[in-house]
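> Fold the stuff below for me.
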Amino acid sequence: MEKDDRVRELLSYMEEEPENPFNIYALALEYQNQDKEKASFYFNKLLREHKSYLPCYYHAAQLFAELGQSTQAESTFLEGIQLAKKQKNAHAQRELENAYFNFQVEND
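Modelled structure (predicted):
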């Protein structure tokens with residue numbers, strides 16, 4: 001399937017189920033390699049409208065760091081770590097903590 005076809009399909013899923021955070025997440029991930037600004041838009045939408053959707057924090061923070069948005073990247077890492085603790089998701093917490101540590105090392 002072509003990238004444009006996947007984007008169209010994901011957009012149609014989002015229209016069918018606009019409140020399903022996975023549809024927004026999948027679209028953000030799809031855009032991450034082709035249009036970082038659109039990816040950022042959808043990650044921000046998730047972080048605003050679906051704060052408890054833990055999978056988005058890692059990828060969103062990484063993208064913000066890549067875009068040079070260090071303050072937003074750091075706050076996204078820290079919010080994700082707190083959410084993982086609250087949800088008792090040790091695996092996600094470790095991944096976020098490791099990524100945050102690497103982010104700090106790279107931005108010193």
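> send the alpha carbons of stretch 96-108 over as CSV?
Extracted as CSV, the C-alpha positions of stretch 96-108 are listed here (Å, rounded to 0.1, in the frame of the first residue of the first chain):
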residue,chain,number,x,y,z
LEU,A,96,10.4,6.7,28.8
GLU,A,97,13.0,7.1,31.5
ASN,A,98,15.7,5.7,29.3
ALA,A,99,14.7,7.9,26.4
TYR,A,100,14.5,10.9,28.7
PHE,A,101,18.0,10.2,30.0
ASN,A,102,19.4,10.0,26.4
PHE,A,103,17.6,13.2,25.6
GLN,A,104,19.2,15.0,28.6
VAL,A,105,22.7,13.7,27.6
GLU,A,106,22.2,14.8,24.0
ASN,A,107,21.0,18.3,25.1
ASP,A,108,23.7,19.1,27.7
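> For E79, give me its contacts.
Applying Cβ atoms under 8 Å, 6 or more residues apart in numbering to E79 gives the contacts L47, K51, Y57. In this view, the C-beta of every residue, glycine as well, is placed from N, C-alpha and C.
> number of nearby residues for the second one?
In this case it means K51. By the measure other Cβ atoms under 10 Å, the count of residues near K51 is 13.
> Setting aside sequence neighbours, what's the nearest residue to it?
Leaving out its chain neighbours, the residue that sits closest to K51 by Cβ to Cβ, 6 or more residues apart in numbering is L83, at 7.5 Å.
> Give me the buried positions along whichever strand or helix holds N23.
N23 belongs to helix 21-32 when assigned by DSSP states H and E. Buried residues in helix 21-32, counted by 16 or more other Cβ atoms under 10 Å: P21, N23, I24, Y25, A26, L27, A28, L29, E30, Y31, Q32.
> Just the closest of these to Q87, please.
Each of those was checked against Q87 using Cβ to Cβ; the closest is P21, at 14.0 Å.
> What separation do you get for that closest one and F101?
Remark: distance between P21 and F101 (Cβ to Cβ, to the nearest Å) = 27 Å.
> Just the helices from this structure, written as ranges.
Under the criterion DSSP state H, the chain contains helices at 3-16, 21-32, 36-49, 55-66, 70-86, 90-106.
> the inter-axis angle of the last one versus helix 70-86?
Between the direction of helix 90-106 and that of helix 70-86, the angle (axes from the mean of the first three to the mean of the last three Cα atoms, to 10 degrees) works out to 160 degrees.
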